[in-house]
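Participant: Okay, here's the prediction I keep looking at, along with the sequence it came from:
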Number of protein chains: 2
Amino acid sequence: MKPSIPKGTRDFLPAQVYKRNFIFDTIRSVFKKYGYQPIETPTMENLSTLTGKYGEEGDKLLFKILNSGEFLKKNKKEKINQEDIDKGEKHILPIVSEKGLRYDLTVPFARFVVMNQNEIALPFKRFQIQPVWRADRPQKGRYREFYQCDVDVVGSNSLMYEAELVKIYDEVFHKLNLKSIIKINNRKILFGLAEANGIQDHFMSMTMAIDKLDKIGEEKVITEMTNRGISEEAAKNVLSLLTIDNLTDLEKEFTNAPTGQKGIEELREFHNYLDLTSVYNTIKFEISLARGLSYYTGCIFEVEADTNVYPNLKMGSIGGGGRYDDLTGNFGLKGVSGVGVSFGAERIYDVMEEENLFPHGVEKDLDVLLIAFDDETHKFAFKQLQLLRSMNVVADLYPDPAKMQKQMKYANARKVPYVLLIGSKEMETGEFTLKNMNTGEQSLLTFDEVVEKIATA
Amino acid sequence: MKPSIPKGTRDFLPAQVYKRNFIFDTIRSVFKKYGYQPIETPTMENLSTLTGKYGEEGDKLLFKILNSGEFLKKNKKEKINQEDIDKGEKHILPIVSEKGLRYDLTVPFARFVVMNQNEIALPFKRFQIQPVWRADRPQKGRYREFYQCDVDVVGSNSLMYEAELVKIYDEVFHKLNLKSIIKINNRKILFGLAEANGIQDHFMSMTMAIDKLDKIGEEKVITEMTNRGISEEAAKNVLSLLTIDNLTDLEKEFTNAPTGQKGIEELREFHNYLDLTSVYNTIKFEISLARGLSYYTGCIFEVEADTNVYPNLKMGSIGGGGRYDDLTGNFGLKGVSGVGVSFGAERIYDVMEEENLFPHGVEKDLDVLLIAFDDETHKFAFKQLQLLRSMNVVADLYPDPAKMQKQMKYANARKVPYVLLIGSKEMETGEFTLKNMNTGEQSLLTFDEVVEKIATA
């Protein structure tokens, strides 16, 4: 009898919706100002669109929709049988399910670009703020339904967009009043590290090891590399290169690393744009930034809350992204480059909650509650209520002329800043008692004065 | 290889998102002004929450989520076998699936109220704008994923809320510039029709027949009633009562219909509130309004676009709702009354599209596109771009100093009202050519003049 919701999912109460929307609205307003356009894609995608795009582990984490009707029938004729079942879930899955829930916004975007290529002009600048679903084990800060906020541009190689996206990060976090560090690197520079040490064939192993540097330390990173067939000398040399923090010094090490040189060139062109503008947050070149097993091919980004400002914060990245040379190739459209970044809205919420960064009044919804004391004054109050609303005052009226105490209790629960008392004497005189719920102060005011007082509150 | 999306689902291009958001934003702003608070519930609900709430047909239309992992195992031990399969889909379903997609917003809201009863104050006024999913056969105007916009208040019997909800309908449709007819009835009056003819036992049959009056006509409605065991005399008498269009005349017929009298009383109290205010649209008492096999117990509402204003329109209801005495009883919380209405956003969209009601400029997103002609001017233009954006001008820059023709083609595709040309001469003189893309007119302006011209456009 007692109702529940699926694990890893959440109900959002009004106060939470207000705070979440403050984040979404801020992000959306900046996306729009920078000329990005909204699109929306369906919650359900064909499994043929999703499967194989997120690795084997990702395939397992896809939520699959059971086919409607006679889902046990193979090719709409005979039912599955014992033999089918003995073959296991992998065999049964494509029979009983052909759709899955959106797992991220990037694959649906690539599919969208290919399907709607005649409707859009390249470069196509789009943003998308929608929920995604993953059948992950739920834990603190990890949910099975959560929002992604993605902004991408597809169909241009210009590094102007890398600079623009960093500006978007900078402006959003400035508007959220959340001090952040925006880390920059380029996958070609990572490849240069392999080139400079003659271990191009071990590029992915090297990248995966480097990606763990923060977590496991230098020694274990070297061990992981040597375990994967990289010589100790090369491994140590890679580690020493990771201490370089500027492009000029790095360039000297890349004399025999043509891809690495290209990476330096790209970062310089990116800076040619970015340095024309000013930023609020810290921008930092970080040669060890790898972004894991991702499909990025050019610049990469990652954002963290600035722990110099928030020393007690234990939180991973609150944003990330980069360029991928072949965004839509999976769906048959070759040679289209894309670059984009994503905001980790759920983690941003947690940081803002922990560090008290939400602005005062973000949860306020009601300007004034009207209270009446008998049937006649209640009708009169309803009329005044509509008048207030017609002046765009967010006003409400307790639904019955109930006991004063009961109505004031409701006013407190709704956290309303003002209560307007309407009795028969007030109806006669045209002067009403307005009570400030924070100070307790009461003033006798005409209706016009009430409106003025609330409007300027 | 060619990608597709599941039937009955849709991608939304930017122009469509702008128009849809115009509707959602209008509805949301009115909900907020009337003191309603936003909540959100998960996309997935437990099947135990959903099943049995929408009738047998509804259960079939629920989208079910396949359990993750070893979904073939019964009680996590042995696999289903041939015997299980022979028992069919009904037997297999609870083994392989325990979650479904949200089918409407009312059942999740009732579940939400019960689960969060300690966090909310009654009366709780909430709105919810979220998508729902139904495995219905897709056809023109009917989708498998579509938005619902619900506004409800729970925990009060006051008929003030019925009047408030009609005001909300009135204000939303006024703001959308969509002339509408808001039809009102009360389920107790429908019951009164049965009482007055001594056919209380046939109430549902009578109601279902009446509900079809518009579609099948008087004669067939009478036949349907007599087929279901209602005497011809009673059936004809019910039909004649349906011609009554005011409460005074109806009251005379309800001398032996106590529930019917209560219905009249409720509608009068509703009007006591509503008539204190003014409305833009037509409000109409319609005694034959039934709202089908619904669970309503008091006032009911239905909205149609006004065919006097839109004579060529063929569209069903664009909104509906009513009061249900026992909203949360299914989830163990008895005696909590609720009243609410819903906006049919998808149909509202179709009406507004067909009747050209979207305001001019609803699709416009970009104020100005900057165009540069070589690498140096492109960097300069990027700097000016950031300046424009810092003044909240929605500006963009073509990503490369490409050929003029190519850049102008892009400007046209983006439907931008102004293009700002930035060449080396302009950099020197500080005067730029601003081209009005609608008139073709070109003006030579300083940067400040450009900003002023665009800001006042």
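Facilitator: Cool, the structure landed.
Participant: Quick one: residues contacting A:Leu333.
Facilitator: The neighbours of A:Leu333, taking Cβ atoms under 8 Å, 6 or more residues apart in numbering or on different chains as the test, are A:113-114, A:117. For every residue, glycine as well, the C-beta is placed using N, CA and C.
Participant: Make a PyMOL selection of the buried ones in the residues you listed.
Facilitator: The PyMOL command for the buried members of the contacts of A:Leu333 (criterion: 16 or more other Cβ atoms under 10 Å in any protein chain shown) is given here:
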select buried, chain A and resi 113+114
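Participant: Can you tell me which of the contacts of A:Leu333 is nearest chain B?
Facilitator: For those, the residue nearest chain B by Cβ to the nearest Cβ is A:Val114; the value is 5.7 Å.
Participant: in the stretch 301-450 of chain A, which spans are strands?
Facilitator: Applying DSSP state E, counting those that start in this stretch to the stretch 301-450 of chain A gives strands spanning A:319-324, A:338-343, A:368-372, A:395-397, A:418-422, A:431-436, A:442-446.
Participant: What pairs with the first one, parallel or antiparallel?
Facilitator: Going back to what we said before, that points to strand A:319-324. Sheet pairing for strand A:319-324, assigned by DSSP bridges, gives strand A:299-305 (antiparallel), strand A:338-343 (antiparallel).
Participant: Output the ones you listed in a markdown table; the columns should cover mean pLDDT and mean neighbour count.
Facilitator: Shown next, in a markdown table, are these (pLDDT from 0 to 100; neighbours: other Cβ atoms under 10 Å in any protein chain shown):
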| stretch | mean pLDDT | mean neighbour count |
| --- | --- | --- |
| strand A:299-305 | 97 | 24 |
| strand A:338-343 | 97 | 25 |
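Participant: So, low pLDDT: which residues of chain A?
Facilitator: Within chain A, the segments meeting pLDDT under 70 span A:1, A:293, A:457.
Participant: Tell me which residues touch A:Ile181, please.
Facilitator: Shown in contact with A:Ile181 (Cβ under 8 Å, 6+ apart): A:281-282, A:284, A:303-306.
Participant: could you give the angle of the helix or strand that contains it to strand A:319-324?
Facilitator: Following DSSP states H and E, the helix or strand that holds A:Ile181 is strand A:180-186. If you take axes from the mean of the first three to the mean of the last three Cα atoms, to 10 degrees, strand A:180-186 sits at 20 degrees to strand A:319-324.
Participant: now the strands for the stretch 101-250 of chain A?
Facilitator: Secondary structure of the stretch 101-250 of chain A (DSSP E, counting those that start in this stretch): strands at A:124-133, A:145-154, A:180-186.
Participant: Make CSV out of the ones you listed and add distance to B:Val450.
Facilitator: Listed next are the strands of the stretch 101-250 of chain A as CSV, based on distance: least, Cβ to Cβ, whole Å:
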stretch, distance to B:Val450
strand A:124-133, 22
strand A:145-154, 24
strand A:180-186, 30
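Participant: Which of those strands sits closest to A:Lys167?
Facilitator: strand A:180-186 (9.9 Å; Cβ to Cβ).
Participant: which parts of that closest one are buried?
Facilitator: A:180-186.
Participant: what do you get for stretch A:40-56?
Facilitator: In terms of neighbour count (16+ other Cβ under 10 Å), stretch A:40-56 has its buried residues at A:40-47, A:49-51, A:53-54.
Participant: again with stretch A:439-448
Facilitator: Under 16+ other Cβ under 10 Å, the buried positions of stretch A:439-448 are A:Leu445.
Participant: chain center to it, what's the gap?
Facilitator: Relative to its parent chain, stretch A:439-448 has a centroid offset of 44 Å by Cα atoms, centre = their mean, to the nearest Å.
Participant: okay, how far is it across it, tip to tip?
Facilitator: One end of stretch A:439-448 to the other measures 22 Å (Cα to Cα, to the nearest Å).
Participant: residues contacting A:Thr26?
Facilitator: A:172, A:175-176.
Participant: Which of these sits closest to A:Asp325?
Facilitator: Using Cβ to Cβ, A:Val172 comes nearest to A:Asp325 of the contacts of A:Thr26, at 26.1 Å.
Participant: Let's verify the nearest residue in space to the closest one that is not next to it in sequence: helix, strand, or coil?
Facilitator: Excluding the flanking residues, the one nearest A:Val172 by Cβ to Cβ, 6 or more residues apart in numbering or on different chains is A:Val30, at 4.9 Å. Judged by DSSP: H, G, I helix; E, B strand; the rest coil, the three-state class of A:Val30 is helix.
Participant: is it true that A:Val30 touches A:Lys175?
Facilitator: Yes. A:Val30 is within contact range of A:Lys175, at 6.8 Å (criterion: Cβ atoms under 8 Å).
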